[in-house]
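J.: I need the structure of the sequence given here:
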Amino acid sequence: MTGPARIPEFRDEAGEGRQALSAALRSSFRFLRILSGLLVVLYLASGVFKVEQHQVAFVLRGGRPVDDEGSRQLGPGVHWTWPRPFSEIVKVDAARVQMIESTAFLADPKPGGLYAEDSPDASAAPRALHPVRNGYVLSGDLSIVHTRCVMRYTLSDPWQATFGVADVPAILRNELDHAVTRIAAGRRADELLRSDVDAWRLEIEDRLRARCAALGLGVRVEGIDLSPAIPAQIERETQAVTEAGQEAAKLVAEARGMASRIDGEASSQAARMLAEARSWSTQMVARTSADLSTFQALQARHA
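T.: The predicted structure is shown next:
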């Protein structure tokens with residue numbers, strides 16, 4: 001005997017497919033929600049920024065500064081703001097000393113030294129000054145002087161220096177050139193080169209400080225460095241004049257020393273002769289007084 005016939009089972013494949021798809025979609029949505037959350041966190045974290053000790057920072061929103069507790073500039077430390085495109089962070093070196101160098105008065109601002117292009121041979125004499133390539137400044141006695149000028153400054157008002165005035169370095173360079181030219185015109189070449197360099201530098205500093213305050217640049221002038229030099233064309237003649245001046249000063253010093261020595265010897269000899277004369281005079285007076293007393297005594301005895 002055979003057993004009862006088995007009835008075949010029918011599977012709902014369409015239902016199982018829908019369940020698998022539904023489970024996959026739920027997993028995908030769950031992953032997308034997690035990924036979206038991570039992206040939001042990363043986006044918000046990108047708004048964290050650090051301001052160094054020598055810096056200040058400004059947060060711009062819509063092109064305007066954002067006031068933070070009554071101040072639109074942020075000091076050193078870690079800060080947060082809404083990331084781009086909502087906010088823009090501008091960092092400025094406020095405490096660091098910055099430098100502006102003027103090349104307007106250099107004999108040859110190109111690398112290679114003075115007159116490198118005009119005189120390839122170091123032993124050859126340099127050619128005449130070129131009005132375009134070679135810079136210089138005129139002194140009050142119409143002499144030519146070269147000088148390297150470096151201006152050191154810091155930002156006293158970072159916002160004004162960054163956003164209030166356009167191209168502060170260009171303005172400072174122009175003011176530096178103008179101050180050097182104007183003040184040099186009132187001094188002789190020997191003062192600019194040797195005897196009065198510090199006074200020239202200090203006067204430039206004072207003028208630049210006054211101009212920066214008048215123009216409202218938001219910068220503080222820390223100092224000026226000057227390195228004046230004579231033109232290479234007259235270096236030999238100037239050296240000869242300098243050596244002659246040094247020789248003259250040496251001869252004058254020797255003459256003054258000799259005069260002082262002779263004057264001292266003469267004074268000593270005069271003092272000695274005067275002392276001897278006074279001693280002789282005292283002796284003569286004493287001897288005359290003694291003779292007079294003797295004479296008066298003899299006269300009284302024989303009267």
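J.: for the rest of this, base every contact and every neighbour count on C-alpha atoms.
T.: Fine.
J.: tell me the pLDDT at I234?
T.: In this model, I234 is scored at 69, pLDDT.
J.: likewise for the one 3 residues further on?
T.: The predicted local confidence for E237 comes out at a pLDDT of 66.
J.: what residues are up against R96?
T.: By CA atoms under 8 Å, 6 or more residues apart in numbering, the contact list for R96 reads 54-55, 154.
J.: let's see 6 Å
T.: H54 (CA atoms under 6 Å, 6 or more residues apart in numbering).
J.: is it located within a strand, as I assumed?
T.: No - under the criterion used here (DSSP: H, G, I helix; E, B strand; the rest coil), R96 is coil, not part of a strand.
J.: pLDDT (mean, whole number) over stretch 51-68?
T.: On average, stretch 51-68 scores 80.
J.: what number of residues lie near Q53?
T.: 13 (other CA atoms under 10 Å).
J.: that one and A232: what is the separation?
T.: Q53 sits 46 Å away from A232, going by CA to CA, to the nearest Å.
J.: and the longest helix for this structure?
T.: Ranked by residue count and defined by DSSP state H, the top helix of the chain is helix 235-302.
J.: how distant is it from the center of its chain?
T.: Computed by CA atoms, centre = their mean, to the nearest Å, the chain-centroid distance of helix 235-302 equals 58 Å.
J.: only alpha carbons, please: show the strand or helix carrying R220 as PDB.
T.: In this structure, R220 sits in strand 219-229 according to DSSP states H and E. The C-alpha coordinates for strand 219-229 follow below in PDB (Å, rounded to 0.1, in the frame of the first residue of the first chain):
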ATOM      1  CA  VAL A 219      48.400 101.700  12.400                       C
ATOM      2  CA  ARG A 220      51.100 102.500  15.000                       C
ATOM      3  CA  VAL A 221      54.600 103.300  13.700                       C
ATOM      4  CA  GLU A 222      57.100 101.400  15.800                       C
ATOM      5  CA  GLY A 223      60.300 102.600  14.100                       C
ATOM      6  CA  ILE A 224      62.300 103.400  11.000                       C
ATOM      7  CA  ASP A 225      65.600 101.900   9.800                       C
ATOM      8  CA  LEU A 226      67.800 103.900   7.600                       C
ATOM      9  CA  SER A 227      71.000 102.800   5.900                       C
ATOM     10  CA  PRO A 228      72.400 105.900   4.000                       C
ATOM     11  CA  ALA A 229      75.200 105.500   1.400                       C
END
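J.: residue ranges with poor pLDDT in the stretch 151-300 of the chain?
T.: Within the stretch 151-300 of the chain, the stretches with pLDDT under 70 are 233-235, 237-239.
J.: how about 90 then?
T.: The stretch 151-300 of the chain contains residues with pLDDT under 90 at 156-167, 187-198, 200, 227-250, 257, 259-300.
J.: distance check, the nearest residue to L138 once chain neighbours are set aside against A199.
T.: The shortest distance from L138 to any non-neighbouring residue, by CA to CA, 6 or more residues apart in numbering, is to I144 (5.0 Å). Counting by CA to CA, the gap from I144 to A199 is 19 Å.
J.: run through the strands of the protein in chain order.
T.: All strands of the chain, identified by DSSP state E, fall at 48-51, 55-61, 64-65, 73-74, 77-80, 88-93, 98-102, 137-138, 144-155, 219-229.
J.: reformat these as TSV; add mean neighbour count and distance to T294.
T.: Formatted as TSV, those follow (neighbours: other CA atoms under 10 Å; distance: least, CA to CA, whole Å):
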stretch	mean neighbour count	distance to T294
strand 48-51	15	112
strand 55-61	20	108
strand 64-65	14	118
strand 73-74	18	112
strand 77-80	12	112
strand 88-93	17	106
strand 98-102	17	99
strand 137-138	20	90
strand 144-155	20	89
strand 219-229	17	87
